[in-house]
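S.K.: The sequence and its predicted three-dimensional model are supplied below.
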Amino acid sequence: MDTFLLKNINTPGSADISVYKKSGGYKSLKKALKMKPEDIIDEVKRAGLRGRGGAGFPTGMKWDFASRDKNFPKYLLCNADEGEPGTFKDRPILEKDPHLLIEGMAISAHALQAEQGYIYLRAEYPAAKKILEDAIDQAYEDGILGEGIMGSKTNFDLAVHRGAGAYICGEETALIESIEGKRGQPRLKPPFPVNVGAWGKPTIVNNVETLSNLPLIIEIGADAYSKIGNPDCPGPKLYSVSGFVNKPGVYELPMGTSLKDIIYDHCGGIKNGGNLKAVIPGGISTPILPPDKIDCQMDFVSLPKCGSMLGSGAVMVFDESVCLVKVAARAMYFFEHESCGKCTPCREGTGWLRNILERIENGLGRRGDVELILEVASNISGKTFCPLGDGAAGMVLSFIKHFSDEFDEHIENKKCSVN
């Protein structure tokens, strides 16, 4: 497949507006500005674009909800806070092709009649901050941002808002709280941000990759776009692959590409000729899969049928040298550390689970620990303000479901046979 989202990243000077324009950049924006906002929303609906941040919610439907709200001003927020372990798919766009994102946001702003946008950037991407701000300055100088963009009647201002290093701010309502200058904690929903978001106004929050698909949809049209990848989840998808593969990295492939093909064809198989032990297909908050479950399409519809979720598309590969009890304990430490503390099941439950997992991993496990993990995890699932608690519980439950023997071995033998 030809690349669309990553086509410019290896071009010298790709972050410069002149280089971007030479590759056809901002032609889609010029075309979109001649369209009615409702026609752009309809085009996105027909294209079948689904949010690439993890939830997979239909983008056009979200936009439609916000566009029907008569309250103004409206805000457009780009979620560039990819803080989940194993996730680095947005980084090439942010650092190598920032004008693709700016063009996507300008198209979205015209469709939504939003005159102010913010890119909420994770604190751990300092290089991206400078690159984005330079690109925004270039766009202002070229009349692509500001009043009457590209000679139209549409106004759109854009700025970078740097986060403070909180994973929870990847959740859209916590992101909004943070942008407003408050502590980054999730809000109770409803009301939803499309109606009551930033500063109480209609707000759309979309991921970097989602917004970067907009120029392509406008360029080739909804019909052509919907033919890329899986009909239920069309379009190109960025997969970030890490771990025990020969060629880790970010891959742009049609949505629905097989997980097996990603590992063995695109990434060159298991490192040093080893054997596959397990795969986390969509970031640390998605359930782990054993080797016999990887012949599955990587999209929002197919993966749940295989026992996991697409999430952000962060594929983490483990070979037989890895202790999965140790992986689970380290993952739970992350969830405990990143819990905002707002709700009791997550605040207390993740710490409790981390203690049990570390006890088992350190050879101090006792009979009944696995059952205790199952009980604690079940008391977290579905009882938290945001998906962080569900992700933590689902993660450890999947480890025990597929690799219970490894937990039992640690408890019975008081040590790990792997390392």
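M.R.: Looks like it arrived, so ask away.

S.K.: Not counting its own residues, what contacts the helix or strand that contains residue 316?
M.R.: Secondary structure assignment for residue 316, by DSSP states H and E: strand 314-319. When contacts are defined by CB atoms under 8 Å, 6 or more residues apart in numbering, strand 314-319 is touched by residues 84-89, 239-245, 259, 262-263, 267, 270-271, 274-284, 298, 324, 327. To be clear about C-beta, it is placed using only N, CA and C from the backbone, and glycine gets the same treatment.

S.K.: Filter those down to the buried ones and hand me the PyMOL line.
M.R.: The buried subset of those, as determined by 16 or more other CB atoms under 10 Å, is captured in PyMOL by this line:
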select buried, resi 84+85+86+87+88+89+239+240+241+242+243+244+245+259+262+263+267+270+271+274+276+277+278+279+280+281+282+283+284+298+324+327
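
S.K.: Contacts only, for the closest residue to residue 203 other than its chain neighbours.
M.R.: Once flanking residues are discounted, residue 203 sits nearest to residue 197: 2.4 Å by CB to CB, 6 or more residues apart in numbering. Residue 197 is in contact with 75, 77, 176, 203-205, counting by CB under 8 Å, 6+ apart.

S.K.: still on that earlier bit, strand partners of the strand holding residue 316, parallel vs antiparallel please.
M.R.: Strands flanking strand 314-319 in the sheet, each with its direction: strand 236-243 (parallel), strand 276-280 (antiparallel) (DSSP bridges).

S.K.: Okay, buried residues for stretch 221-240 please.
M.R.: Counting neighbours by 16+ other CB under 10 Å, one finds that the buried residues in stretch 221-240 are 222, 225-226, 228-230, 233-240.

S.K.: should've said stretch 120-139
M.R.: By neighbour count with 16+ other CB under 10 Å, stretch 120-139 contains the buried residues 120-122, 125, 128-129, 131-132, 135-136, 138-139.

S.K.: Ok, stretch 200-219 next?
M.R.: Buried residues in stretch 200-219 (16+ other CB under 10 Å): 201-218.

S.K.: Equivalent analysis for stretch 249-259, please.
M.R.: In stretch 249-259, counting by 16+ other CB under 10 Å, buried: 250-259.

S.K.: Report the mean confidence score over it.
M.R.: Along stretch 249-259, the predicted local confidence has a mean pLDDT of 96.

S.K.: Now the terminal residues of it, how far apart.
M.R.: From its first residue to its last, stretch 249-259 covers 15 Å (CA to CA, to the nearest Å).

S.K.: Could you do stretch 356-366 as well?
M.R.: Using CA to CA, the end-to-end distance of stretch 356-366 comes out at 9 Å.

S.K.: For residue 331, give me phi and psi.
M.R.: The phi and psi values for residue 331, taken as degrees, to the nearest 10, are phi -60, psi -40.

S.K.: Settle this for me: it is touching residue 395, isn't it.
M.R.: Yes. Under the criterion of CB atoms under 8 Å, residue 331 is in contact with residue 395, at a separation of 5.8 Å.

S.K.: export the strands paired with strand 314-319 to JSON lines and tack on distance to residue 43?
M.R.: As requested, the strands paired with strand 314-319 are exported to JSON lines (distance: least, CB to CB, whole Å):
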{"stretch": "strand 236-243", "distance to residue 43": "17"}
{"stretch": "strand 276-280", "distance to residue 43": "35"}
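
S.K.: can you tell me the average pLDDT over the strand holding residue 316?
M.R.: Strand 314-319 shows a mean pLDDT of 97.

S.K.: Dump the strands paired with strand 314-319 to CSV, plus mean pLDDT.
M.R.: As requested, those are exported to CSV (pLDDT from 0 to 100):
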stretch, mean pLDDT
strand 236-243, 97
strand 276-280, 97
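
S.K.: Identify whichever of the ones you listed lies nearest to residue 312.
M.R.: With CB to CB, the closest approach to residue 312 among the strands paired with strand 314-319 belongs to strand 236-243: 7.6 Å.

S.K.: what's the closest one in contact with?
M.R.: Residues from elsewhere that reach strand 236-243 (CB under 8 Å, 6+ apart): 1, 3-6, 52, 86-90, 209, 213, 216, 228-229, 247-257, 262-263, 266-267, 298-299, 312-318.

S.K.: and what of stretch 384-398?
M.R.: With contact meaning CB under 8 Å, 6+ apart, stretch 384-398 is reached by 167-168, 171, 173-174, 185-188, 284-289, 307-308, 328, 331-332, 335, 338-340, 342-343, 345-346, 349-350, 353, 357, 373-374, 377-378, 380-383.

S.K.: Select, out of the strands paired with strand 314-319, the one closest to residue 103.
M.R.: strand 236-243 (15.9 Å).

S.K.: Helices of the stretch 151-300 of the chain, start to end?
M.R.: Counting by DSSP state H, counting those that start in this stretch, the stretch 151-300 of the chain has helices at residues 172-179, 208-212, 214-220, 222-225, 259-261.

S.K.: any idea how far residue 238 is from residue 95?
M.R.: When distance is defined by CB to CB, to the nearest Å, residue 95 is 14 Å away from residue 238.

S.K.: do residue 275 as well
M.R.: 27 Å.

S.K.: can you check residue 388 too?
M.R.: Computed with CB to CB, the distance linking residue 388 and residue 238 is 23 Å.

S.K.: do the same with residue 381
M.R.: As for residue 381, its distance to residue 238 is 29 Å (criterion: CB to CB).

S.K.: do residue 147 as well
M.R.: If you measure residue 147 against residue 238 using CB to CB, the figure is 33 Å.

S.K.: What residue spans form the domains of the protein?
M.R.: Here the domain assignment for the chain is 17-227, 233-319, 324-413, based on automatic domain parsing.

S.K.: helices or strands next to the helix or strand containing residue 132 in the packing?
M.R.: When secondary structure is defined using DSSP H and E, the element that contains residue 132 is helix 126-141. Taking 3 or more CB pairs under 8 Å, 6 or more residues apart in numbering; DSSP states H and E as the contact definition, the neighbouring helices and strands of helix 126-141 are helix 17-22, helix 91-96, helix 98-112, strand 116-121, strand 157-162.

S.K.: Sweet, I'm off.
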